[in-house]
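Asks: Sequence first, then the predicted structure:
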Amino acid sequence: MKKVLFATTALVLSAGVAAAEVSLSGDGRMGVKSVDDAINFSSRARVKFTLSGESDSGIAFGGSFRVDQEDENGASASKGGAGTVFVSGSFGRVEMGDAVGAPEALWGDFYEVGYTDLGDEEGRLGNDIAYLTGDSNLGIAGNENPVLLYTYSTGPISLAASFSDGKEGYTDQNDHQEMAVAAAYTWQNYTFGIGYEYADSNDAGNFGTGLTTGTVLTDATTGDLYLEEYTANKMDQVELAFVGAFNDLNVKAVYAKGGKDNPVDNYFAIGADYTMDAWTFGGYVQYAELDDGVYFTDGSDDVTWYGLGAEYDLGGGLSVKGGIADSNLDDTDVMYDLGMKFSF
């Protein structure tokens, strides 16, 4: 990726003395994607600022944000709800803002299927692992509620912890509270991880369709029948993860056990990606079994969703990418796309 450095914004004190920099990069995409039963054009262009510096004592600091994140769904980089800032040194790395939760920081998500990241814009899980915290699809910290993430590595051991302040923006009003811890051990090309997440929220997450208790209620005004919505209060889950690299094949598997009001009782997922010359192929299969008394709107108490995609690197930051994703829920549609991605 080519980065353009602005000399007018770079601060260089003198030779041998720490300096600060501001660099500019970007990405774009164009192509077609499915929207319900229709085929739509889909394109975008984004600009990203990356800030970096180092103190005289060797402490690194910096941050990054995209221009479109300055006012995204009520969040903004200037208020900590989008983008991140950090300091790092021998003590580890402390990051604040729209940061991921502790488990995601150590083992990430699955291969991103489709040039538009199928599932992300539709509010479904897509390639995201079903984490409870951080910036993931099920993360519940408010839009203007920054997450604090701490990571530390020594030898084969990696540790992470994250939490939100539980307040709404810069106020004393209580908001969703979340916290998580995780640890990973790496041996050769294999990483084994364990994590715990807690979320205090009435948001039970989103699988692309609502969750219900299965109880049929009657609207007092219209007389219409509807299913009672499932709401959560305090949720937690324990996770086990494996990440392995076998030459050009990368494999990742995660198991999670939900507790408290978590609507998910058991969660299993596996994903992989394989690179061959300029080609990359990847996909995932994820399964969630709901807790007793919790159902999807189609009456199901479990769901399987998958994604499969491929991309071809044309060099210079240009690639062709496409994919398909779907679930076995009755009220969701197959998603697919094909287009070009740009990296500047």
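Replies: Nice, thanks for sending it over. Bear in mind the structure is a predicted one, so any value in this text is a computation, not a measurement. Residues are numbered from 1 along each chain as shown.

Asks: Spatially nearest residue to Phe91, not counting backbone neighbours?
Replies: Tyr152 (7.5 Å; CB to CB, 6 or more residues apart in numbering). The C-beta positions use only the backbone N, C-alpha and C, and glycine is treated the same way.

Asks: Likewise for Val32?
Replies: Take Val32 and drop its neighbours on the chain: the residue closest to it by CB to CB, 6+ apart is Ile39, 5.5 Å away.

Asks: Kindly report the same for Gly92.
Replies: Tyr152 (3.4 Å).

Asks: Look up the residues forming beta bridges with that neighbour.
Replies: Judged by DSSP bridges, the bridge partners of Tyr152 are Leu159.

Asks: Which residues are in contact with it?
Replies: By CB atoms under 8 Å, 6 or more residues apart in numbering, the contact set of Tyr152 is 91-93, 158-160.

Asks: Select from those the one having the most neighbours.
Replies: Ala160 (26 neighbours; other CB atoms under 10 Å).

Asks: ok, that residue - contacts?
Replies: Applying CB under 8 Å, 6+ apart, we find Ala160 in contact with 102-103, 105-106, 149-152, 180-183.

Asks: What's the separation between it and Gly92?
Replies: Counting by CB to CB, to the nearest Å, the separation of Ala160 from Gly92 is 9 Å.

Asks: any residues in contact with both of the two?
Replies: What both Ala160 and Gly92 touch, as defined by CB under 8 Å, 6+ apart, is the set 150-152.

Asks: Export these as a markdown table, with columns for pLDDT and distance to Tyr287.
Replies: Output for these, formatted as a markdown table (pLDDT from 0 to 100; distance: CB to CB, whole Å):
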| residue | pLDDT | distance to Tyr287 |
| --- | --- | --- |
| Tyr150 | 98 | 31 |
| Thr151 | 98 | 29 |
| Tyr152 | 98 | 32 |
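
Asks: Quick check: next helix or strand after the helix-or-strand element of the chain with minimal mean pLDDT?
Replies: When each helix and strand of the chain is scored by mean pLDDT, DSSP states H and E, strand 11-12 comes last, with a mean of 43. Downstream of strand 11-12, the next assigned helix or strand under DSSP states H and E is strand 19-35.

Asks: For whatever helix or strand comes next after that following strand, buried residues please.
Replies: Next helix or strand after strand 19-35 toward the C-terminus (DSSP H and E): strand 38-54. Neighbour-count burial for strand 38-54 flags 42, 48-49, 51, 53-54 (criterion: 16 or more other CB atoms under 10 Å).

Asks: what ranges do the helices span in the protein?
Replies: Using DSSP state H, the helices of the chain run over 102-107.

Asks: In it, where is pLDDT below threshold?
Replies: Scanning the chain for pLDDT under 70 picks out the ranges 1-19, 69-81, 120-125, 135-145, 167-175, 201-209.

Asks: ok so, going back, scan the contacts of Ala160 and report the most crowded one.
Replies: That'd be Pro103 among those, by other CB under 10 Å, with 32 neighbours.

Asks: Is that one in contact with Tyr198, as I believe?
Replies: No - the criterion here is CB atoms under 8 Å, and Pro103 misses it with Tyr198 at 11.8 Å.

Asks: so what sits against both of these two?
Replies: Listed contacts common to Pro103 and Tyr198 are 133, 180; contacts here mean CB under 8 Å, 6+ apart.

Asks: Could you count how many residues lie near the closest residue in space to Leu132 that isn't next to it in sequence?
Replies: Spatially, and ignoring its direct neighbours in sequence, Leu132 is nearest to Glu197 (4.1 Å; CB to CB, 6+ apart). The number of residues packed around Glu197, counting by other CB under 10 Å, is 29.

Asks: Glu197 is in contact with Ser164, isn't it?
Replies: No - between Glu197 and Ser164 there is no contact under CB under 8 Å: 11.9 Å.

Asks: Quick check: neighbours shared by these two?
Replies: Residues touching both Glu197 and Ser164 (CB under 8 Å, 6+ apart) are 178-179.

Asks: show me the contacts for the closest residue to Ala130 other than its chain neighbours.
Replies: In space, and not counting its chain neighbours, Ala130 is closest to Tyr267: 5.3 Å by CB to CB, 6+ apart. By CB under 8 Å, 6+ apart, the residues touching Tyr267 are 130, 237, 254-258, 286-289.

Asks: Can you turn the buried part of those into a ChimeraX selection?
Replies: A single ChimeraX command is used to select the members of the contacts of Tyr267 judged buried by 16+ other CB under 10 Å:
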select :130,237,254,256,258,286,288
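
Asks: before we move on, back to that, pairing partners for the residue nearest to Leu132 in the sheet, please.
Replies: In this entry, Glu197 is beta-bridged to Ala180, Gln237, by DSSP bridges.

Asks: Starting from Ala325, give me the distance back to it.
Replies: The value you get for Glu197 to Ala325, if CB to CB is used, is 24 Å.
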